[in-house]
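J.: this one's sequence-less:
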């Protein structure tokens, strides 16, 4: 039985690695003095996908949620006790902010010398290409619905050994498969909003961006920040409710 302290530690570490590598790939393709500048959307998708793989693998002792939408979805599904949900979410947000700070530290010189410092927010948090809150929200709901439904119906191969977690027998790739799902969501559904599909992944780095001493930085755009929080939570909850209605047996 994992203690709450262990849950906090592993979720914090996992989510920190998630945003360190995820924000890192965006910094690599965005900052003008970086070797990866101009790498494009496909590189960003792959970078985030493998960031999820690394983060989930590290956070395996806590169940590798690394995402409040996943935590809430699993709580609705009955896999995670509601009493543990606040610990998961707090650890995820703090970890996500920490990872973003480490990303900034790794690229400090590139941030200092970038030709467009006002547009560095996108390295840390998401934003819509066409601002329209209701439709941006729908995009995040749909993307997160796909992610959480897949996670619930495809637990890691070791899940069958865990009481209360069904083994559906179709998750041999384990956490590596999650990378493919994230890459697929990004390639197919990420264009409109940058696919947060994770409230902590957006909120933690957005807080870090607001506080970090980045020369000439722009606004943190708090007016939009509720969308990548509410959308993923709604999408995760809907996925869990559908999974409860599916004829799945352990």
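T.: All right, it came through fine. Note that the structure is predicted; figures quoted are calculated from it, not measured.
J.: count of residues packed around residue 33?
T.: 13 (other CB atoms under 10 Å). Glycine gets a C-beta too; all of them are placed from N, C-alpha and C.
J.: pretty sure it sits against residue 107.
T.: No - taking contacts as CB atoms under 8 Å, residue 33 lies outside contact range of residue 107: 9.1 Å.
J.: contacting residues for residue 31?
T.: Counting by CB atoms under 8 Å, 6 or more residues apart in numbering, residue 31 touches 37, 107, 110-111, 114, 120, 123.
J.: and it, how far is that from residue 112?
T.: 10 Å (CB to CB, to the nearest Å).
J.: same thing with residue 200?
T.: 27 Å.
J.: which of those two has more neighbours?
T.: residue 200 (33 against 14).
J.: give the contact list for that one.
T.: Contacts of residue 200 (CB under 8 Å, 6+ apart): 15, 66-68, 89, 92-93, 95-96.
J.: so which helix or strand takes in the residue lying closest to residue 4 once chain neighbours are set aside?
T.: Spatial nearest neighbour of residue 4, excluding adjacent residues (CB to CB, 6 or more residues apart in numbering): residue 87 at 5.0 Å. Here residue 87, judged by DSSP states H and E, is contained in helix 85-106.
J.: packing partners of that helix?
T.: helix 4-30, helix 68-77, helix 121-124, helix 199-211 (3 or more CB pairs under 8 Å, 6 or more residues apart in numbering; DSSP states H and E).
J.: now do the helix or strand that comes right after it, average pLDDT.
T.: Later in the chain than helix 85-106, the nearest helix or strand by DSSP H and E is helix 108-113. Mean per-residue pLDDT for helix 108-113: 97.
J.: so who does residue 104 touch?
T.: 111, 208, 212, 214.
J.: got the contact list for stretch 80-90?
T.: 4, 7-8, 11, 62-63, 65, 68, 71-72, 74-75, 200.
J.: and which of these is nearest to residue 21?
T.: residue 200 (14.6 Å; CB to CB).
J.: quick check: pLDDT value at the closest one.
T.: For residue 200, pLDDT reads 98.
J.: tell me the contacts of the residue nearest to it when sequence neighbours are not counted?
T.: Among residues not flanking residue 200 along the chain, residue 92 sits closest, at 3.8 Å (CB to CB, 6+ apart). Residue 92 sits next to 11-12, 15, 65-68, 71, 200, 204 when contact means CB under 8 Å, 6+ apart.
J.: which of these sits closest to residue 241?
T.: residue 71 (15.3 Å).
J.: test my guess that that closest one contacts residue 65.
T.: Yes - assessed by CB under 8 Å, residue 71 is found in contact with residue 65 at 4.6 Å.
J.: how many neighbours does residue 84 have?
T.: Residue 84, neighbours per other CB under 10 Å, totals 19.
J.: how about residue 5?
T.: Neighbours around residue 5, by other CB under 10 Å: 9.
J.: which secondary structure element of the chain has the lowest mean pLDDT?
T.: Lowest by mean pLDDT, DSSP states H and E among the helices and strands of the chain is helix 175-189, with a mean of 94.
J.: alright, I will stop here.
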